[in-house]
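A.B. asks: Here is a sequence with its predicted model. Questions after.
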2 protein chains.
Amino acid sequence: MKINPADLNQVNVLKEAPLEDLNLLVEKSILRSVEEDSFYFFQGDPAKYAYILVTGRVKLVQSNPAGQQVNLRTIKQWEMFAALGAIRPDATYPVAAQALEPSSALAIESSLLREMMQTRPYLNFGLMQLMTGYIQEMQERYRELATEKVERRLALTILRLASQIGIKSQGQIELPLSQQDIAEASGSTIYTVSRTLSEWEKRGLIETGRGRIVMRNPHGLVEIAEGAESA
Amino acid sequence: MKINPADLNQVNVLKEAPLEDLNLLVEKSILRSVEEDSFYFFQGDPAKYAYILVTGRVKLVQSNPAGQQVNLRTIKQWEMFAALGAIRPDATYPVAAQALEPSSALAIESSLLREMMQTRPYLNFGLMQLMTGYIQEMQERYRELATEKVERRLALTILRLASQIGIKSQGQIELPLSQQDIAEASGSTIYTVSRTLSEWEKRGLIETGRGRIVMRNPHGLVEIAEGAESA
DNA sequence: ACTCTTCTTTGCTTAAGCGCAAATAACAGA
DNA sequence: TCTGTTATTTGCGCTTAAGCAAAGAAGAGT
């Protein structure tokens, strides 16, 4: 497959990049394809590349020593990920990147990115925007995990994921994620997720299927997220 | 009180700043003093200033709608805080900054910082280093909260705080924080914190006092943090 | 030295949700 | 269409730690 450099303007960080920079990036980078469930990199690997996702979906996960994992973020097309490694010269990835479906991504050498940052203000700004967004989101999620009960956290998680990677189909938003993914993203378990989603389905808020969730009544979810006690 | 511009080199982000920039910063900024328990700013205020803490200690807290709060970070002397607001022109503070003790900080206009970033690579780099550090820490803490039991999380929290704001006195590290603070930093409650610390004190790992914790046996804490089940 | 306030401790109760086990359902590939 | 695999559901028991209440301890200020 070939990448059209101009497409890279869809990447948030590269919104303001001149075409010659996009050409440079495509030329100097490698396109990696990764099959479902395989990894772009593992937690602890030297952070040699930053990536731009070209097709498919990827999740960033972090594991504890016992192997339990949490989903920190789900990446969709034309999102940049693993860019933080480019900041510190000898960094290792603090997370692993696993493909949720067959996918491909442009692998950019961290050193190239670092070099480009020296002379391109738009790149610095773009990366900082990305980072501040991450920080704020993580701070919120941390607070939610510390202070909110599971049901509300689940609603918040699903709403957040819907805005980040939701797919609109015939007026409804669909979330192509398994309950396992939801559990790992919300800091809960598949059992509790299943029970809660079933309950919501009965109430007509959502519709569930194997590996997907369709939002029937987003407003109802917002109400749960914001604190209406369930009857 | 007067600030000696040269002192600002102790600020991580400004390690490589030339003296003229430090002069500029001091000249264009205001020194704000804030008494114990008062706030530099509240969550949701327009992010008009970034700060450099000159004396005292400050905590960054985030509250949920019900008013429960979590401690996201404790700031010590010569640390920069609230710098993220400088990135996005119309940002509001996502956290509140409350003084843990009488303190003073240099208030730098966000717009000034933003201007300076245009032409000073060291500033961009310094801020990015700061941000990547935040992101990694928040990701870790999020994972800990999602996957670890309270005792281990408490050990991890205390070790982390010790490295960030611990005070060395006669060979031992002291943490000048109340149990309330620890609870809010670890995502637990004062009751559980009290019980756990008492237990640790019995085992000789720490020494507690009103508003402070002295680490007697850091290695023992590391063992708990890394997973040795308590006997 | 005394008082008031704030922080810490501890017993007790309880709710939330984890997690095993086993059944059922959905889908993929041949 | 059949079969094997993977995802979801549900009953049930159990653990963890939250949270109330009340007592005790440590400081701060006068």
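C.D. replies: Okay, I see it.

A.B. asks: If we go by neighbour counts, what in the one helix or strand in chain A whose mean pLDDT sits lowest is buried?
C.D. replies: For chain A, counting by mean pLDDT, DSSP states H and E, strand A:167-169 ranks last in confidence among helices and strands (a mean of 91). Within strand A:167-169, no residue is scored as buried using 16 or more other CB atoms under 10 Å in any protein chain shown. Bear in mind the C-beta positions are built from the backbone N, C-alpha and C, glycine included.

A.B. asks: Show me what that strand is packed against.
C.D. replies: For strand A:167-169, the elements it packs on are strand A:172-175, judged by 3 or more CB pairs under 8 Å, 6 or more residues apart in numbering or on different chains; DSSP states H and E.

A.B. asks: Helix or strand next in line after the strand it packs on, which one?
C.D. replies: helix A:179-186 (DSSP states H and E).

A.B. asks: Which neighbouring elements make contact with that next one?
C.D. replies: When contacts are defined as 3+ CB pairs under 8 Å, 6+ apart, helix A:179-186 packs onto strand A:69-75, helix A:150-165, helix A:190-202.

A.B. asks: could you give the mean pLDDT of that helix?
C.D. replies: For helix A:179-186, the mean pLDDT works out to 98.

A.B. asks: So what's the gap between it and the chain middle?
C.D. replies: Averaging C-alpha positions (CA atoms, centre = their mean, to the nearest Å) puts helix A:179-186 13 Å from its chain's average.

A.B. asks: picking up where we left off before, the least confident helix or strand of chain A near DNA strand C anywhere?
C.D. replies: No. Contact of strand A:167-169 with DNA strand C (CB under 7 Å from any atom of the strand) is absent, the minimum separation being 14.6 Å.

A.B. asks: Same check on stretch A:214-223?
C.D. replies: No. Stretch A:214-223 does not reach DNA strand C (CB under 7 Å from any atom of the strand); its nearest approach is 11.8 Å.

A.B. asks: And the residue nearest the centre of chain A, what's its pLDDT?
C.D. replies: Nearest residue to the geometric centre of chain A (CA atoms, centre = their mean): residue A:74, 2.1 Å. Residue A:74 is assigned a predicted lDDT (pLDDT) of 97.

A.B. asks: Sheet partners, orientation included, of the least confident helix or strand of chain A?
C.D. replies: For strand A:167-169, the paired strands and their directions (DSSP bridges) read strand A:172-175 (antiparallel).

A.B. asks: same question for the strand it pairs with, mean pLDDT?
C.D. replies: Here the mean pLDDT over strand A:172-175 is 96, rounded to a whole number.

A.B. asks: Now that strand - C-alpha only, CSV.
C.D. replies: As requested, C-alpha coordinates have been extracted for strand A:172-175 and formatted as CSV (Å, rounded to 0.1, in the frame of the first residue of the first chain):
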residue,chain,number,x,y,z
GLN,A,172,-26.7,5.9,16.0
ILE,A,173,-23.3,5.7,17.6
GLU,A,174,-21.7,2.3,17.7
LEU,A,175,-18.8,1.2,19.7
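
A.B. asks: What lies in contact with that strand?
C.D. replies: Taking contacts as CB atoms under 8 Å, 6 or more residues apart in numbering or on different chains, the residues outside strand A:172-175 that touch it are A:158, A:161-162, A:165-168, A:212-216, A:218.

A.B. asks: Same question for stretch A:124-134.
C.D. replies: The contact list for stretch A:124-134 (CB under 8 Å, 6+ apart) reads A:12-16, A:73, A:80, A:83-84, A:87, A:117, B:84, B:87-88, B:91, B:117, B:124, B:127-128, B:131-132, B:135.

A.B. asks: let's see it at 7 Å
C.D. replies: Applying CB atoms under 7 Å, 6 or more residues apart in numbering or on different chains, the set of residues contacting stretch A:124-134 from outside is A:12-15, A:80, A:83, A:117, B:84, B:87-88, B:124, B:127-128, B:131-132, B:135.

A.B. asks: so where do the strands sit in chain A?
C.D. replies: With DSSP state E as the definition, chain A shows strands at residue ranges A:30-34, A:39-41, A:49-55, A:58-63, A:69-75, A:80-81, A:96-99, A:103-109, A:167-169, A:172-175, A:206-209, A:212-215.

A.B. asks: Adding distance to residue B:140, write those strands out as CSV.
C.D. replies: As requested, the strands of chain A are arranged in CSV below (distance: least, CB to CB, whole Å):
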stretch, distance to residue B:140
strand A:30-34, 25
strand A:39-41, 18
strand A:49-55, 21
strand A:58-63, 7
strand A:69-75, 10
strand A:80-81, 18
strand A:96-99, 14
strand A:103-109, 25
strand A:167-169, 31
strand A:172-175, 26
strand A:206-209, 32
strand A:212-215, 28
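
A.B. asks: Mean pLDDT lowest where, among those strands?
C.D. replies: Between those, the lowest average pLDDT goes to strand A:167-169, which shows a mean of 91.

A.B. asks: re earlier: just the buried residues of the contacts of stretch A:124-134.
C.D. replies: Judged by neighbour count, with 16+ other CB under 10 Å as the criterion, the buried members of the contacts of stretch A:124-134 are A:13-14, A:80, A:83, A:117, B:84, B:87-88, B:124, B:127-128, B:131-132, B:135.

A.B. asks: Mind listing residues that contact the least confident helix or strand of chain A?
C.D. replies: For strand A:167-169, using CB under 7 Å, 6+ apart, the contacting residues are A:174, A:176.

A.B. asks: cool, stretch A:214-227 as well?
C.D. replies: Contacts of stretch A:214-227 with the rest of the structure, by CB under 7 Å, 6+ apart, involve A:151-152, A:155-156, A:158-159, A:162, A:172-174, A:204-207, A:230, B:65.

A.B. asks: before we move on, back to that, of all the strands of chain A, which one is nearest DNA strand D?
C.D. replies: Between DNA strand D and those, the shortest separation by CB to the nearest atom of the strand is 4.8 Å, and it involves strand A:206-209.

A.B. asks: Output that closest one as CSV - backbone C-alpha positions only.
C.D. replies: Coordinates of each C-alpha in strand A:206-209 appear next as CSV, following Å, rounded to 0.1, in the frame of the first residue of the first chain:
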residue,chain,number,x,y,z
ILE,A,206,-28.2,0.6,24.7
GLU,A,207,-28.1,-2.4,22.5
THR,A,208,-25.4,-5.0,22.9
GLY,A,209,-23.9,-7.5,20.6
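
A.B. asks: who touches it?
C.D. replies: For strand A:206-209, the external contacting residues (CB under 7 Å, 6+ apart) are A:197, A:200-201, A:213-216.

A.B. asks: a markdown table please, covering those and showing distance to residue A:224.
C.D. replies: Conversion of those to a markdown table gives the following (distance: CB to CB, whole Å):
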| residue | distance to residue A:224 |
| --- | --- |
| A:197 | 12 |
| A:200 | 8 |
| A:201 | 13 |
| A:213 | 14 |
| A:214 | 17 |
| A:215 | 12 |
| A:216 | 13 |
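
A.B. asks: Can you pull the residues of chain A lying near DNA strand D?
C.D. replies: Among all residues of chain A, those adjacent to DNA strand D (criterion: CB under 7 Å from any atom of the strand) are A:178-180, A:190-191, A:194-195, A:197-198, A:201, A:208, A:210-211.

A.B. asks: Quick one, which of the residues you listed are buried?
C.D. replies: With burial judged by 16+ other CB under 10 Å, the buried subset of these is A:179, A:197, A:208.
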